[in-house]
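Q: Whatever this is, show me its structure:
(one chain, ligands or ions: 1)
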Amino acid sequence: MAVVKADAFGHGAVPVAKAAVAAGATWLGVCRVDEALALRSAGLSVPILAWLDDMAAVAPAAASAEVHLSVSSLAELEAVARQRLAVRVHLKLDTGMHRAGCPVDRWVELVARAARAERLGAIRVVGVWSHLSHASSPADPHNRRQVEAFQAGLALAEAAGLRPEVRHLCGTAGAVGVPEARLDLVRIGAGLVGIDEVGAGLRPALTLRTRVLQVRRVVAGDGVGYDHAGRVKRTTTVALLPLGYADGIPRCARSAWVSWHGHRLPLLGRVSMDQVVVDAGDLPVRPGDEVVVLGRSAGAPRVEDWARWAETIPHEIYTGLGPRVVRAHTGTGGAQ
Ligand SMILES: *Cc1c(COP(=O)(O)O)cnc(C)c1O
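A: Numbers count the residues shown, from 1 in each chain. You can find the predicted model right below:
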């Protein structure tokens, strides 16, 4: 299952979904039903699971677009089943992450009611699923406990008369590091765009480039930007880049730099909403020159560098890329 929620982690949901399906993905996963409907409008026809939404409100749209809904509680189940739309449902068990899912002590009742609703034709139970909390530490005993809790939950679902077609438990890290949790489907999000949490040798899919708009010389002691927060110690060339925090450059990333032909140009002063200034020293940087802000070209900052500068994770850097950043997709999926 290619997980393309949040605009495929900022990479563009439709092109990423199309590339994933062309490469063999048989399911798509999103958070909200609106995200699923956008994929349907773009012509994607594989099964899509949406896992977090106001399920009562979205059930009609989900039924007509054949979007599968996750159900975690009796209230959600009743709200969907009551509409008698034969919505496809994946029952989610909380096997220990304690974020979403049906608590273990309510599971027997949930699967019994789901089985009854299915016999009445009100819903179709297609899947049973859960999520691992410690998958990025494969040896952590939580993983084994969650697999066992999931198997026990599956046995109860079957005893209630349910025959789910798909059982699924892990995202990228679990798919790589916890083989016994792979089951029928793995839900690959981070891995799809090359976020490598588990040393699997994944390559980033995205490179963020921009062009220098203006350059100027400033002399030793001059300040740059709001409050003159960037103060230069020597005469230097400073270059203006048209990317700011509205475009996903974290305002807190004070030690960041960008790459001009492999040379590091440090950020100078505050990140503005629409722009940043970088220190080019005495390099012959000119308006129109390309600068690599993030990506896998040689000498460029990696997403992990930005994540460190901003004290966050690559996922937040990618999903923070704003709507003004033009996404251009190459056809090969970067197979180089
Ligand atoms: C985001 C998400 C995934 C994808 O996980 P990755 O670690 O990004 O591969 C899978 N399952 C659920 C429930 C998610 O929310």
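Q: Identify the residue of the stretch 201-336 of the chain closest to the ligand, quick one.
A: Nearest residue of the stretch 201-336 of the chain to the ligand (C-beta to the nearest ligand atom) works out as H315 at 7.0 Å. Quick note: C-beta positions are derived from backbone N, CA and C, even for glycine.
Q: Quick check: that residue touching H11?
A: No. Using C-beta atoms under 8 Å, H315 is not in contact with H11, being 11.5 Å away.
Q: These two: which has the busier surroundings?
A: H11 (21 against 18; other C-beta atoms under 10 Å).
Q: Do any residues in stretch 300-312 lie close to the ligand?
A: No. Under the criterion of C-beta under 6 Å from any ligand atom, the ligand is not reached by stretch 300-312; the shortest gap measures 13.5 Å.
Q: Contacts for that stretch next, please.
A: 195, 204, 206-207, 250, 252-259, 292-296, 313-314, 316-318 (C-beta atoms under 8 Å, 6 or more residues apart in numbering).
Q: same thing but 6 Å
A: Here stretch 300-312 makes contact (C-beta atoms under 6 Å, 6 or more residues apart in numbering) with P204, P250, C252, A253, S255, A256, S259, V292, L294, I313, P314, I317.
Q: Pull out the buried members of those residues.
A: P204, P250, A253, A256, S259, V292, L294, P314, I317 (16 or more other C-beta atoms under 10 Å).
Q: ok, so of these, who is nearest L74?
A: Ranked by distance to L74 (C-beta to C-beta), the buried ones among the contacts of stretch 300-312 are led by P314 at 37.2 Å.
Q: Make sure the closest one is actually in contact with G194.
A: No. Contact criterion C-beta atoms under 6 Å: P314 and G194 do not qualify, at 8.9 Å.
Q: if we can go back for a sec, so the residue of the stretch 201-336 of the chain closest to the ligand sits in a strand?
A: No. According to DSSP: H, G, I helix; E, B strand; the rest coil, the state of H315 is helix, so it is not within a strand.
Q: Could you give the bridge partners of V87?
A: I123 (DSSP bridges).
Q: residue contacts, it?
A: V87 neighbours (C-beta under 6 Å, 6+ apart): A59, A62, A63, L69, V80, I123.
Q: Among those, which are located in strands?
A: Of the contacts of V87, the ones assigned to strands by DSSP state E are L69, I123.
Q: So for P301, what's the pLDDT?
A: pLDDT recorded at P301 is 98.
Q: Could you tell me how far R84 is located from A155?
A: From R84 over to A155 the distance is 29 Å, taken as C-beta to C-beta, to the nearest Å.
Q: what does R187 give?
A: Going from R187 to A155 by C-beta to C-beta gives 22 Å.
Q: do the same with R124
A: 21 Å.
Q: more neighbours, those two?
A: In this view R124 and A155 are compared by other C-beta under 10 Å, and R124 has more residues nearby, 15 against 10.
Q: How about the more buried one, nearest residue that isn't a chain neighbour?
A: What sits nearest to R124 in space, not counting adjacent residues and going by C-beta to C-beta, 6 or more residues apart in numbering, is R88, at 5.0 Å.
Q: Up against the ligand, what does the stretch 151-300 of the chain have?
A: Contact residues, the stretch 151-300 of the chain versus the ligand (C-beta under 6 Å from any ligand atom): G171, T172, A173, R187, I188, G189, A190, G191.
Q: what's the burial count for the nearest residue in space to the fifth one that is not next to it in sequence?
A: Read it as I188. Counting by C-beta to C-beta, 6+ apart, the nearest residue to I188 once its immediate chain neighbours are dropped is T172, at 5.2 Å. Neighbour count for T172, taken as other C-beta under 10 Å: 24.
Q: got it, and A56?
A: Neighbours of A56 (other C-beta under 10 Å): 14.
Q: Doesn't it belong to a helix?
A: Yes. Applying three-state DSSP, one finds A56 inside a helix.
Q: By neighbour count, which of the contacts of V87 wins?
A: Result: I123 is most packed of the contacts of V87 (other C-beta under 10 Å), 28 neighbours.
Q: could I get the buried ones among the contacts of stretch 300-312 as TSV with pLDDT and distance to P15?
A: TSV is the format used below for the buried ones among the contacts of stretch 300-312 (pLDDT from 0 to 100; distance: C-beta to C-beta, whole Å):
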residue	pLDDT	distance to P15
P204	95	16
P250	98	25
A253	97	27
A256	98	27
S259	98	25
V292	98	21
L294	97	19
P314	97	20
I317	98	19
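Q: Which of the residues you listed fall within strands?
A: S259, V292, L294.
Q: with the contacts of V87 in mind, which one is nearest to the ligand?
A: Closest approach between the contacts of V87 and the ligand, by C-beta to the nearest ligand atom: L69, at 13.2 Å.
Q: just the strands in the stretch 51-200 of the chain please.
A: Taking DSSP state E, counting those that start in this stretch as the criterion, the stretch 51-200 of the chain carries its strands at 67-71, 87-92, 123-129, 166-170, 185-186.
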